[in-house]
Structure formats: structure tokens, C-alpha cells
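J.: got a sequence here, can you build the structure:
(4 chains)
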Amino acid sequence: MVDIAEIAVSAAELKLGTEPVQGDGVRLSHADPKARYSLRARDAKVLADVIGCALPGKIGDTDGGIACLGPDEWYALLPAGTDLPRGEGLPVSVVDVSSRALGLVLEGPGALAVLSSGCPLDLAKMSVGRATRTVFETVEIVVWREADDRWHIEVWRSFATWLWNAFLAAMPQAK
Amino acid sequence: MSGFRLADGGRIDRRTKRTFSFDGKASWGYAGDSLASALLAQGQMLFGRSFKYHRPRGILGAGVEEPNALVTVDRGPGRVTPNLRAPSVALHDGLAATSQNRFPSLRFDMVALNDQFGAFFPAGFYNKTFMWPRAAWEKVYEPIIRRLAGLGDSPTTRDPDHYDATYAHCETLVVGAGPAGIAAALEAAANGGRVFLLDEQDEIGGGALSDPAQWAWLAEASAKLAAMDNVTVLSRTTAIGHYHQNFVVAAERLTDHLPVDAAHGPREKLWRIRAGEVVLAMGAIERPLVFEGNDVPGVMLASAARTFALRYGVAVGRKLVVMAVHDSGWRDALALHAAGVPITAIVDLRRDIAPELAEAARDARIACYPGYAVTKVSGRLAVDGVSIALAGVGKGLKLDCDAVLMAGGWTPTVHLWSHAKGSLRWDENWGAFLPDKTHEDLRCVGACAGAWDFGSGLSVGLLPAPKPLHESKAFVDFQNDVKARDIGLAVQEGFRSIEHIKRYTTNGMATDQGKTSNLNGLQIASGVLSRPVTEIGLTTFRPPYTPQSFGAMLGHHKEALFQPLRKTVIDDWADIQGAVYENVAQWRRARYFPQGSEDMDAAVARECRAVRSAVGVFDASTLGKIEVVGPDAAEFLNRMYTNPWKSLEPGRCRYGLLLGEHGFIIDDGVSARLAPDRFHLTTTTGGAARVLGMMEDYLQTEWSDLNVWLTSTTEQWSVIAVQGPKARRVIAPLVEGIDLSPEAFPHMAVREGQICGVETRLFRVSFTGELGFEVNVPAEHGRMVWDAIWAEGQKHGVTPYGTETMHVLRAEKGFIIVGQDTDGTVTPDDAGLGWAVGKKKPDFVGKRSLARPDIVAPGRKQLVGLLTEDPQMVLEEGAQIVADPNQAVPMTMIGHVTSSYHSATLGRSIAMALVAGGRDRMGDTLHIPMPGKTISAKVVAPMFYDPEGSRLNG
Amino acid sequence: MKRFSGFNLIGEAFRSHQGWPEHWPDKAPKASYDAIIVGAGGHGLGAAYYLAKKYGITNVAVIEKGWLGGGNTGRNTTIIRSNYLYDESAHLYDHAVKLWDGLSQELNYNIMYSKRGVLMLAHNVHDVQSFKRHIHANRLNGVDNEWLTPEECKAYCPPLDISPRTRHPVLGGALQRRGGTARHDSVAWGYARAASALGVDIIQNCAVTGIRRGADGAIEGVETERGFIASRRVGVSAAGSTSLVMKMAGLDFPLESYPLQALVSEPVKPIFPCVVMSNTVHAYMSQSDKGELVIGAGTDQYTSYSQRGAFHIVEHTLAAICEIFPIFTRMRMLRTWGGIVDVTPDRSPILGKTPVKGLYVNCGWGTGGFKATPGAGDLLAYTIAHDAPHAINAPYNLDRFRNGRLIDEAAAAAVAH
Amino acid sequence: MLLIHCPYCEEARPEVEFVYGGEAHIARPIDPSAFSDAEWEKLLYIRSNPRGRHHERWRHTHGCGRFFNAVRDTVTDVFETTYKAGEARK
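T.: Sure, this is the predicted structure:
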């Protein structure tokens, strides 16, 4: 006789927490609000002139809140409200994506283990100050190592609830 | 000796008793026992019943190779696990195990009658019978076969346990923590890299756990490993498989060894490890010997008896006979003797025994029978003696005993090596395959590399016997009841390849995966065929190394975390309003908003009327959005879409139709030009990622000269559709900086400005046929703006509507939904969208395919409208259409209904359909045969409401 | 051929089964044949059998590079069904289902065809529309396929979780009662034995190394590891290796070969009474007569001949299985394996003539070839015997990739909106 | 899970970050309308599907986002090399 009890929590009932969660050796919280830009250009110099900021030159490097994600792509995490010039008519693309993603922060000695529970990169070898786009299981994220024990994770808004809860599930085991 | 527990020795903790039950009977053992050792200590010899004949079976091995002693462990509701190997089940307080595959009890099993009739069930018997009468196969034979098959019972309720998973990285991964693995780990760790050492047992040590002489060393090495920061030692962790580029997957068992009330956290953990170098130190497994009666409970591997005695302090009998063809059997016998286990005799097929072994046996007063073989084991539920004969056929004698130990030589564990596609070579000395070459950074050490001293011996598998092969009951695969004669029969019936023999006899396909049977099967086939083993082949090893729970494989992806469910920022509002949802791609969307006891039809009718007569609001945020920016943006879109884009002025919108290169519609959406070098594209909800990927493909690989970039903005913008004659009045008080007058802001225009104090891209577009706006605001403000529109809308009778209403409204206007009215085989012309194809454009994606012969041939299915003769009859979506309803099955179908609704606006049903040559059938009556009735409908243009579009321009 | 029957089985039991002859004698290749089939899978052996049985061509060789039935025939999850959407597909697969019925008796070999029903689950409105379309089309084509409510699905398959709280709630299902499974190895062996009895030579361990064409371009025979074998008619039924064989004949084919994985659990007592498929959740499962849960996993994303798939495919597959059937998380995976599936651009097979006279092809079955085994064999045999396709396989020509008349069942189920 | 060297990121990354893009070096013509049906069929559908060296496209979708080319042995799945889009066939 098969008897399948209903699940306690359904995917639809998962909640995105608002307050930080402190676990044993790891803390999960929301990052401060940010202005986010997707910046594109074949020639970094033209783009740098448009936005008036220096751009990191190598994929994975960051500089002043801007990460180089690809050969012609940068991702800027700037103080909320920052308004960048669009460079109209120039061979650049400046797109405001401030609302597209949410920033989550994992910090503490267990943070690496939480992130590694679903991210296949060798994150221990990632230097402080590096950033990259990657995945956590099937969800795309941008990982930014802000300090030895502090990781900033950018995730598209509608995936944040799942990711928050996946982190919560991994936290008790991450000591 | 008390019972079968030796007076001393072993790694068990004799001060700590553990109580457990087996088949409901209370029993006890010590901390450190396995279920098998604890039961053996109580004198239990009978552990299970075999798969096919239900023959009584005891313990064969002391590790994962065990084929017979399978039990079900019950840890409470939802926590029942079948088919666990008793030697691998750690004893804990409260452990409740039951035997399997017997009815009604282990000692008295009625199905064991099968054994009496075993002669009628040789290998492959089912292929030869159960064919007459034909109907009986389904009704009688198959149900009986199915009921008799299977081992334990499946769980029947939801598993309350959770599972963990992680990725891990190391420079060196060592699989197997026996002496060779530990040495390899220590060596690698000294170089400073990250080292993982995995072992499947409860504690590390491997073979050393059964050798007290090594315990001091083991303790020292364990301590040393534990003290090194760069070393991770995982016991109870089985390396399941080796995958490409040293990706090794392992499962760690976290709680099953603990009493239920002490088990917290995940039950198992999946380790997905990428290693620089992999060192396999997986050891070797002793082979049984194949002789008459080798499956009677009490006949087991010599190495198992050694482990039970020296690791667990249990004698497997009081009078043991060893049947060896290998030195290791003698060594084990001597070790057992030294530990106080009474060895009566050593029988060895070899005439020449190494003098030091023979001498030591003599000193131990063990009778030796060189040149002899066991020819028969007497006893049914337990051994009570063996017959032996010179060379198996000569003069015989009987020996009194209660257990028989088999020493048939050793098989290196090359499974993971083989997973990695490493090649194997046959080694005569081992009588087994050894690792040869690999293209991975992978090596074997210790016994699995063939680098271990077990002594020497024969590799015979089958012992010589007085009976001819076809009469013997000598088992090769114990669990699956494969006898040596079954292999003989397979060969006789023409099966020559080892893969055929395996599949025909099922040798090696049991839950032990052939760990003790593969090589013996191969040897026997080789003997019967008189061909060398290497010509018969080797069955390939596939992951997992041992059976692994589904739960461990899925890690966190269980229940609520199975897959993300995407929700918009307005979803919570819809939830409070009692919306009924539907899943679309990864999203959930409000389908309709029932009030009171309304069903879907009533709610949708009300929502439709509201939009047509007043105003409705709809959360369209899930639509895909792409920002296309750069000097060549218009040129790029012109190449991607079917229609012209270069002439579109900033501030205006255009419907875009996207084809695959095969010429069929794959997506559509309304897009806006915000500036000469900036477009805001929309895609379907489900197509967003696919369209972006496709566009990136063309941009990067075909037209890399274009200066244009694509950015997904799907989640940047919340989209609130405000539709209906009063739409302008609802948003007007909220909007700043945009002239909303029809003259300044016509249909298919876009303006940037502010709404409720935040920036907006305001589209004047309509998927409903009414005056309409789509308010795009940054998602962080989406809910606030929605609330404001909702509040303002109260003055105008605003009604929220869902996707179902959206579908009805657009169908009344004949707007298609890609994926519903198209199905991947529909061209623009088929869909009546020929107008959206730029005739003068020299090229666009898919254009060339539209000129293929079948695409331009007459008679293609074309999108039309259908009006049923009975206006209240709503056709079923997917219903098939025929011209002649009176034809016989199979009928000639000329099309199908793609969309069908009751239109509250029109007070009748409407439908869209793809019909062969449909546009030439306008006015014709076609037929839709349904079960028990045929519905007639007239072909009309797919436009049911406001064909002039006057309402759009209000 | 000694007849298989319960009576003979009992008779043989009294002489220890020493009277059973070889299923098929191991033959050395003759110098020439009237027809050669390349590839001794179920399809190729079936073609040889029907050539001999129905079309009177008995001087036939089946040549196989490895052991017969060792490719996809012996590696698939044995699902049989015919509830396809398009007329072309419904006719093709239903032709096969009709042959499955009674095949045990025809071959005098119990291939254990089990009509336990194939239930396809609908998880969203789009699935429902698509399945209804299938059901209506099937009904008018005379193919059984019926709609079940979630409760009826649950009654048909009790381990199914139909709670609306799951991530992909079950909204209903399409059930083909004649669908089911068969024992894959037995199909290959049954055809081999029956074909052999009709005079067909089965030649294993004999890889094709070349295809010889005459001055007029027509087929003259095949070069093999064991020498040249002449024949004016060669049918290629080589699944994942078809591209390679066709290249020997100078033909480039619209095929790509992908790794496909499958797995089974440990055997348990009967718990799962039918075949269930869920395209939306990506789960396919049945329980074998032996008691193993038989689970189809997905293909890897890249082409490969390695017969070795990636682990994350297994992870996703088992997560999907446990989502739909949550009672199975404690069941244990016993074996995984990989096959090589040949996939065409429209994921429908190619079955018919080729531009080379005397060269016929049966390929491109992707992940779904087992169910078509008797039909494909029969139609390939027909095409070889008549040098022209049967009406059922005529649409499955190579020309469709040129003229655009594709038969794209998967596209018809495509999701957008 | 394959480990793929991305020629842009200049490091080996896990397969799940990548999307396979089919056979490489099949260039779309400047003027498809000049192609015969047979030529168009070849471009759309005919694939070499070799046993051995295979030139193929990958996109580092969940990384740098770039398409690039690779040479992989389809029997062993071992990558011989990867190189940037636009570079000559290797």
C-alpha cells in the first residue's frame, strides 16, 4: 500500500529571507542595495572614457566595484543611485540592470563550504578581489570574493528565493 | 569461547553492548560489530534466500562483495531500506533488520519449492516457455514471474530524510584507505597539496583491520593523517564512479550507523570531487570456488572468516575445513588457528604446497589434503560435513565440519580504473585482469595494481568433480542462482561472448555486481569453450561501484528545492487575491482570479468583460526582455527578424517575428526603439533564454563585425499591462513627463518618463485589442507601482486578469501564441503572418528555408478561424479536423484546433485552427469528430472582434 | 531449430538440458549473398528475418562488428508505444506495435512483451493541450491513447505523487494501454534464432571496413575484417555507427551520435505496474520482470562515441524520478550504462533508399528505436526486397532534409509562450 | 562532467558552465539565396559526426559568455585544444 504524505513545504512556499541568518561559522545576509550595470565594448578604453572609471583588464579581475566578466564585458556594482552615462552613438553598451539581480553575502569560515555545496568551481583557489560568472547547481550566479571569508553572490531576482533556501540547507553542514 | 564469540581479540568494544533485532527476535552484539558479525557470534548461519530458487544462504564475504546476506533495515516510518548487505551494516542500539525473499519465514520458505523443480528453470528458461496459450502470458505467467522476482520490498512512503551534496577539489584523491592507500595519501600530503582519502568502511585500514599486527602502525598513520590540515579523510564513503577528467563521485553515509534518535542532519552526502591525480588503492576481493554445495550456509570466503575472527572476534564455526587453491587460504587458516578458531583440515587442489605453509599447518595439527578437492557439502540450512576426493574424481573421504572456507585467489578491484576507460591486461599469475593503460592522470597502488603479496595459487574457479558439469549444483553467482552448468548451457546454446553469457545466465548481474562471480564465470566459459579467457572478453564495469541510494544522487534537489520556481514581484499580491496559477516555463503565473465560488470559465468571462468594458491589469513581467545596444543595433535586428527594422523611428514599436534557420517560427514579441542605438526587445516567457542564446550565436560567430551588444533585462523590468477603454484614465494621474494623448502617444509607441516617481518605459501596445499600456518599471519598484495603479484603478472598476483571460482576449483578435498556435513546423505564411516578412529584405535568419520545395508547395496547413455551428459548443484544443466525417478510421485529418474558448464578449465560442489549405476553405464547413459525436464548424478568418482595430486607437 | 515449449523444457529437464542446440550457428562469411544487413541489432536481425520469412530472400548475411544485440538493443529501457502525433509516425510505430503482438509465438521465443501501459504525464496547460492533440489524432488513426485525470493516473500508478503542491503538479496523463515493455536481449536472440533457422548467416566479430561500388556507382559488396563479401543489396542498420558506414560509401549523412545513459535500481518486489514518462520533469521509468526499476536518463549535450555519459545527467534524472515518485529516495542505483544514439535533425528516423543503388539505410532512431524494432526490420526488408519503400516508410526518406518536409514530433511538443 | 579550457578565460572550467554548439566551421553564407537546395541542406543538416577528431563549438555561457572552438576526440572525449572563434581551423 503506497501512502505518500504531502510535502511540508512546497517550492511555491519558499520565502526569501529579509534578515541575516547566523549559522555555525557562516552568516547569510543581503548585500546593501547597489546600482548595477552591464557594460560592453570591444575597446575598453572607449568604454572607460564614457563612464569615467578605470576598467579591470583581465577576465576575473575587479577594480573599484567593476568586474571583468568576459573579453568585452564588465559588471559594475556601484553605490546605489549611481547614474552612468550611456555613451550614445559610441561603440559601447551601457545598460542599467540595478533591479535585475539581488546580492547575497556569505561570510565566515564556513562560507566557502556553503558556496561549494553547489558551485563546481575550485573557489579555494580564487583570490580575494576576483569575480566570475558561474553556476550554483542549475542557477547562474556571479561570485565575487570580497575578502578571505566573505563572498558576494549576485543572482537574478527570481532565482534568489531558491538560492537563499539552498544556502540555508547547506549551512548546517558547513563547519 | 562463548557461543561463537572468541575469548579475546578483535576491534570490538567488549564493554559496550548493543541490542538489536533480526526477524523480530531480540539479540545483541558489541560496539564495533557489523550486523553479520553480531549474528554469527550468536550462531546464526542462515541469513537469506536466493533470488530464483530461494535456496537457504549464509554469509559469503565480510565486505561489499556479499551476495547472500541481504536484509531490510527499518528505521521507522518512511525509513525502510531493502537489500542492505549484513556485513556492511554497522551495529547500533535498536537496529531492526529482517531477512528477505522468503515466505513465510527464513527457515521455512514455501517458495523454496522452486529449488525442487530447479531442473525446469535453467538459464534462459523464460525464453523457451510461457507462450501458450497466448493470452496466459499477460494474465498468468508474467504476474507470477514478477511476484517471485525482486529481493526486498520497496519503501512505500515518503522518505523524511534529507541529503547533502557538495563539490570538492584536491590535488590528490586516494580511493581506498588500506595500507597502500594510506601510504599513498601520506606521500601525497607531504608535498603540501590537498589530499582526499576515501574509504567505504566504518573506519580506515582496509585489510589491516583484519591483521592485528598492523594495528599499531594503523593507529599511528591515522593520527598522522588526522593532524594534517591538507588531508581530508572520509570513511563510510564509497567512490561510486570515475568520470571524465578525474571527476570522481562519492557518497558518504552520515547517519545510518547511528541509533535513530541520535541521527541528526542529512542521511547521506554526495561528494563531487575534481582531482588533479587519482590514486586507486581499492584492494582485491577473494574469489570463491565453484563446487557442489558451495552455497550451503557456512561455506564462505577464507578472508571473510579471517575478518570475522580477527576484526570482530567471532569464530564462524567450531570445526572448519579450508578449501584452497591459493596460498592465502593457508595463511588465513594459520591466522585463524592462532586466533583460536579450530581448523580441522586444509584441502588444496595443488599437490605441491609451499613447504613453509605445509610445515606450519603440520605444527598447528591441521590435517592437510594436498591434491584434493571438495566434491560435496552436506547440510541444508547449515554445513555438517564435506566430501573430498583426490583431484576431485579419485578416492574420497568425508570430513566432519560446520564451516567451509574457500580460497580461490584474488581479484584486483579495477572498477574505477575501468570506468575511466583504462585498459586491462590479463595476468596469468593472478588469474585476473590488472590495470594497463589510461589517458587520465590515474594510477593504481597495492592489491588493485597487482602489487600485493597474497602468495601464489591456481586460477581454476571450477573444481574438478565426479559429476559431469550438467548435473552439478555448483554455484557461480550466488544471489542470482547461476550455476556452472548454466554457463555450460549458455555455451551449448551458442552464446560465446562473455556479454551474451552474462545476459543469458544473469551471471554477475545481481546486487553484488559480479564482484565474486565475474571471473569464475569467465574461467568456466573459457574451460567449456577451450579458448583463452582473453578471447571471451571482459564485461565492462559501470558506475556505481556498489549500489547507492537515489537520495544521495539528488542531494539538495529534493521536495521544495527540486527546481527553482520563478515568481514575479507582483506574485505575492496575486496570491493574496486568491489567484489560481499555472506554470509556464520556470515561472508561475496567475491564470485567473476567481471571486467567491466562480469556476475558471466564470472568472475568465468576468475578467474579459471588464477589460473590454472598463480596464484590467495584468502582470506581464515574465515576458523575456533583451536590451540591444550599439551603433549596429538596427542592422542586427534587421538580420535576425523577418521584418524591416532599420526604418523604425525612435519612440516607436514593432512586432517582430523570429524564425529558426529552418524557416519555422520560434518566437515573437513587440520591440521598441528607444534611441538610434538602443532597442528594448521582448520575447515569449518560455523563449527568453533560447532567443538570447540564438542571437548571441549569430552575433558572435556570424556577424562579429557588428558593434552591438545584447543584455538580458527580463528581470530588470516589472511589466504591468493596463488594458481597456479606461486604461489611460487609470495611469494618467500617476505618469509624469509623458504626454499620453492619442496624438502625442499613438498605438505602437514607447515613451520614457516617470510613474509614481520612478523611471518607466511606457509602451502603448495591446495584446487584447483594447486601448492599452504596458508599464515597465524597475523590478524593485514593481509592486509599489502595481499597488498605485490598483488603487487608482478602483475609481474605474479595474479588474486583475490572468493568463487565461489574456489568451481569450488575444484569440478574439486573432493574435497567435507561439507554441500554441504554432508548433515548430509553422512558417510565417502558414500562420497568416506573411505581412510580417520583409519582401524586399535580401536576407534574414530563416529566409532561405522558406524557399524550399515543400515550404512553397500548396496544401500547407494554414491558420484559420473556426465558428462552431452550435455557438455554445467550445471545441477542445487539440481536436482533429476532417473534411469528411463519415470516413472510416484511419481518417484523413486535415488539421487541428490550436486555440478555443468561449468568448464572453461575443456570446459564443471561437477557435483557431491549422487547416491544410485553410485560406482556400473560407466559408466551408469542416468536421471535428469527437468520441460519440461530430461537431461541425465553419472556416472563417482568424479575427473575431473589432477587425478594423478602432478600439486600439482610442 | 528445436521448438521451444513448456513440454520440451520438461523433457529436456530429464536429460539435464543437453539436447538444446545452438540458438544460431556461428557462420563464416560466404563469398556472396543476395542481401547483406550491416548491424546485428534488433532492427538488423529483424530485417534479415523478414527478408527470409516474408519476402523469400534467404541467402542473407547479417554482419556485426561486435556481438549481436550489443548496441542500443541491449542498452535501452525497452519502452514500446505508438501514440505519436503525426500520421507518418503513428503509422510507423503502430505497424511495429501490431508486430510486437504475437511476436513471441511467431519467433517461438518468449520476448516477454508486457502490455502494462505507457502513461505520459502532463504537468502544465501546454502539456495538456499537446496530449489532447495526440489523443485526438491517435483516435482518428485507430491508435489507442486515452486521457486520465490525476486521480486516474494515481490509481494506475500508485507510487505517483499527484499532490498539487509538487513543483510540477500532475494535471493528467495520456495512457496507451497497448504500450509497455519487452525483454530487449530476447528480441535480438529471438530474431537471430528464427532468421538463422530460415537460412540467414549471422556473422559476428566482423566489422565492415569499406563499401565497394561498381563503375556504375551501384553497390557490389562490403569489405570486412574477414574479407570481401559480395552483394548487390546492402542494408545498413548500424545506429550510432551509421555515419561512419555511410562515409565508406561516399555519403555524408544528416546524423549526429550522442551518449545516452540509462540505469536500474536493485530489484524489489513489484511496486511499479506500468511505464511512466514525463517529458516536462525528464523522468522515464518502469519496473522489469526481475524487479529492477528501469530508468531512462538524458543524452549528454555533445556528440560522442565513448559510451560514457556525465554524472550530472544521472543526478538530474534521479532528482526528477524522486520528485514524481517520492517513495524511491531510499532505493538504490545498481547499474548505469551508456549507449550511442544517432539523431537526425527532425529526430525522426531515416528508413529507405539512399542515393547509392543497392544501398539501403535504417538509422536516426535517436532515443526511441527499440519500440520500432519489428516494424523497422519489416520495412527495411520490404524496401530491400522491392528496391522501393513501403508506403509506411516512404515519408522517412533522405529528401525531406532538402525539401523541408520534416517529421518533427519534438517540435510539435515545443514550449513557448 | 568535462573540464573545458576556455580560451578567453584562460582556465579550465566545469562543463555545466558551457553549452555545446554543434560542429564548428560551418559558416553561414553571405547570400543564402544563392545556395541551391542541396547546398542549403548540407549547411543546415549534414554533419561529419566523426569517430575521432571533432571540430566543435562551445559557448562559455555561464562564464565569459563567448563562443569558441574545440578539437575533441569523440572516442575518448579528450580535448586536443580549444581556440577562439574566428581563428583558423586547427
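
J.: host element of the closest residue to B:Lys813 other than its chain neighbours?
T.: Spatial nearest neighbour of B:Lys813, chain neighbours left out: B:Gly769 (4.0 Å); criterion: Cβ to Cβ, 6 or more residues apart in numbering or on different chains. C-beta here means a position set from N, CA and C on the backbone, and glycine is covered the same way. When elements are assigned from DSSP states H and E, B:Gly769 belongs to no helix and no strand.

J.: just confirm B:Gly769 contacts B:Leu952, I think it does.
T.: Yes: applying Cβ atoms under 8 Å, one finds B:Gly769 in contact with B:Leu952, separated by 6.4 Å.

J.: common neighbours of these two, please.
T.: B:Asp946 (Cβ atoms under 8 Å, 6 or more residues apart in numbering or on different chains).

J.: of these two, who's got more company?
T.: Neighbour count, other Cβ atoms under 10 Å in any protein chain shown: between B:Gly769 and B:Leu952, B:Gly769 has more, with 25 against 19.

J.: confidence score at the more buried one?
T.: Looking at B:Gly769, its pLDDT is 96.

J.: which strands and helices lie in contact with whatever helix or strand A:Arg40 lives in?
T.: Under the criterion of DSSP H and E, A:Arg40 resides in strand A:34-41. Applying 3 or more Cβ pairs under 8 Å, 6 or more residues apart in numbering or on different chains; DSSP states H and E, one finds that strand A:34-41 contacts helix A:44-51, strand A:73-79, strand A:92-96, strand B:709-712.

J.: can you list those in CSV and add mean pLDDT, distance to chain D and mean neighbour count?
T.: As requested, the helices and strands packed on strand A:34-41 are exported to CSV (pLDDT from 0 to 100; distance: least, Cβ to the nearest Cβ, whole Å; neighbours: other Cβ atoms under 10 Å in any protein chain shown):
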stretch, mean pLDDT, distance to chain D, mean neighbour count
helix A:44-51, 97, 14, 17
strand A:73-79, 98, 6, 21
strand A:92-96, 98, 13, 25
strand B:709-712, 98, 10, 24
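
J.: can you list those in TSV and add distance to chain C?
T.: Output for these, formatted as TSV (distance: least, Cβ to the nearest Cβ, whole Å):
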stretch	distance to chain C
helix A:44-51	32
strand A:73-79	23
strand A:92-96	25
strand B:709-712	17
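
J.: ok, back up a step: list the residues that contact the residue nearest to B:Lys813.
T.: The neighbours of B:Gly769, taking Cβ under 8 Å, 6+ apart as the test, are B:809-810, B:812-813, B:945-946, B:949, B:951-952.

J.: quick check: of the residues you listed, which lies closest to chain C?
T.: Ranked by distance to chain C (Cβ to the nearest Cβ), the contacts of B:Gly769 are led by B:Arg810 at 10.3 Å.

J.: can you tell me the SS state at the closest one?
T.: Of the three states, B:Arg810 takes helix under DSSP: H, G, I helix; E, B strand; the rest coil.

J.: ok, C:Ala410 touching C:Val343?
T.: No: counting by Cβ under 8 Å, C:Ala410 does not reach C:Val343; the two are 10.2 Å apart.

J.: out of the two, which sits in the more crowded spot?
T.: Taking other Cβ under 10 Å, C:Ala410 and C:Val343 do not tie; C:Val343 has more neighbours (24 against 12).

J.: surely that one meets C:Tyr258?
T.: Yes: using Cβ under 8 Å, C:Val343 is in contact with C:Tyr258, at 5.9 Å.

J.: shared neighbours, the two?
T.: Contact criterion Cβ under 8 Å, 6+ apart; residues shared by C:Val343 and C:Tyr258: C:Thr299.

J.: related to what we said a few turns ago, ok and the strand holding A:Arg40 relative to helix A:44-51, angle-wise?
T.: Taking axes from the mean of the first three to the mean of the last three Cα atoms, to 10 degrees, one finds that strand A:34-41 is oriented at 140 degrees with respect to helix A:44-51.

J.: what does strand A:34-41 rub up against?
T.: By Cβ under 8 Å, 6+ apart, strand A:34-41 touches A:47, A:51, A:55, A:66, A:72-84, A:91-98, A:100-101, A:103, A:154, B:629-630, B:709, B:711.

J.: now stretch C:133-145
T.: Against stretch C:133-145 from outside (Cβ under 8 Å, 6+ apart): B:876-880, B:882, B:889-891, B:893, B:896, B:929-931, C:82-87, C:90-91, C:94, C:146-147, C:174-178, C:412.

J.: any idea of the mean pLDDT for that stretch?
T.: Stretch C:133-145 comes out at a mean pLDDT of 97.

J.: again, but for stretch B:156-164
T.: Stretch B:156-164 shows a mean pLDDT of 96.

J.: does it reach chain A?
T.: Yes: applying Cβ under 8 Å from any Cβ of the partner chain, one finds stretch B:156-164 touching chain A at B:156-158, B:162, B:164.

J.: can you pick the most crowded of those?
T.: B:Asp164 leads the residues of stretch B:156-164 next to chain A on contacts (other Cβ under 10 Å) with 23 neighbours.

J.: related to what we said a few turns ago, buried members of the contacts of stretch C:133-145 into ChimeraX, please.
T.: To isolate the buried ones among the contacts of stretch C:133-145 in ChimeraX, judged by 16 or more other Cβ atoms under 10 Å in any protein chain shown, type:
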select /B:876,877,878,879,880,882,890,891,893,896,929 /C:82,83,84,85,86,87,90,91,94,146,147,174,175,176,178,412
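
J.: about what we covered before: go through the helices and strands packed on strand A:34-41 and name the closest to B:Thr307.
T.: Comparison of these against B:Thr307 by Cβ to Cβ identifies strand A:73-79 as nearest, at 57.7 Å.

J.: so how far is stretch C:392-403 from its chain's centroid?
T.: For stretch C:392-403, the separation from the chain centroid amounts to 20 Å (computed by Cα atoms, centre = their mean, to the nearest Å).

J.: flag every buried residue along it.
T.: Within stretch C:392-403, the residues that qualify as buried are C:392-393, C:395-403, counting by 16+ other Cβ under 10 Å.

J.: which among those residues are in contact with chain D?
T.: C:401-403.

J.: show me which of those residues is closest to B:Phe454.
T.: Nearest to B:Phe454 out of those is C:Phe401 (Cβ to Cβ; 60.2 Å).

J.: would you list the phi and psi of residue 84?
T.: In the absence of a named chain, chain A is used. phi -90, psi 140 (degrees, to the nearest 10).

J.: my question was about chain D, not that one.
T.: Dihedral angles of D:Lys84 (phi, psi; degrees, to the nearest 10) stand at phi -70, psi 150.

J.: and for C:Lys371?
T.: Backbone torsions for C:Lys371, taken as degrees, to the nearest 10, come to phi -60, psi -20.

J.: residue ranges in chain B under the pLDDT threshold?
T.: Residues of chain B meeting the criterion pLDDT under 70: B:1-2.

J.: also chain A?
T.: Within chain A, not a single segment meets pLDDT under 70.

J.: go with 80
T.: Applying pLDDT under 80 to chain A flags residues A:175.

J.: what residue is smack in the middle of chain A?
T.: When Cα atoms, centre = their mean is applied to chain A, the residue found nearest the centroid is A:Glu154 (1.9 Å).

J.: residues in chain A within reach of chain D, list them.
T.: Neighbours of chain D within chain A, by Cβ under 8 Å from any Cβ: A:59-60, A:69-71, A:73, A:120-121, A:132-135, A:138, A:140.

J.: got those as JSON lines, with secondary structure and distance to B:Gly824 columns?
T.: Shown next, in JSON lines, are the residues of chain A next to chain D (DSSP: H, G, I helix; E, B strand; the rest coil; distance: Cβ to Cβ, whole Å):
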{"residue": "A:Ile59", "secondary structure": "coil", "distance to B:Gly824": "37"}
{"residue": "A:Gly60", "secondary structure": "coil", "distance to B:Gly824": "39"}
{"residue": "A:Leu69", "secondary structure": "strand", "distance to B:Gly824": "33"}
{"residue": "A:Gly70", "secondary structure": "strand", "distance to B:Gly824": "31"}
{"residue": "A:Pro71", "secondary structure": "coil", "distance to B:Gly824": "34"}
{"residue": "A:Glu73", "secondary structure": "strand", "distance to B:Gly824": "32"}
{"residue": "A:Pro120", "secondary structure": "coil", "distance to B:Gly824": "33"}
{"residue": "A:Leu121", "secondary structure": "coil", "distance to B:Gly824": "36"}
{"residue": "A:Thr132", "secondary structure": "strand", "distance to B:Gly824": "35"}
{"residue": "A:Arg133", "secondary structure": "strand", "distance to B:Gly824": "31"}
{"residue": "A:Thr134", "secondary structure": "strand", "distance to B:Gly824": "32"}
{"residue": "A:Val135", "secondary structure": "strand", "distance to B:Gly824": "28"}
{"residue": "A:Thr138", "secondary structure": "coil", "distance to B:Gly824": "24"}
{"residue": "A:Glu140", "secondary structure": "strand", "distance to B:Gly824": "26"}
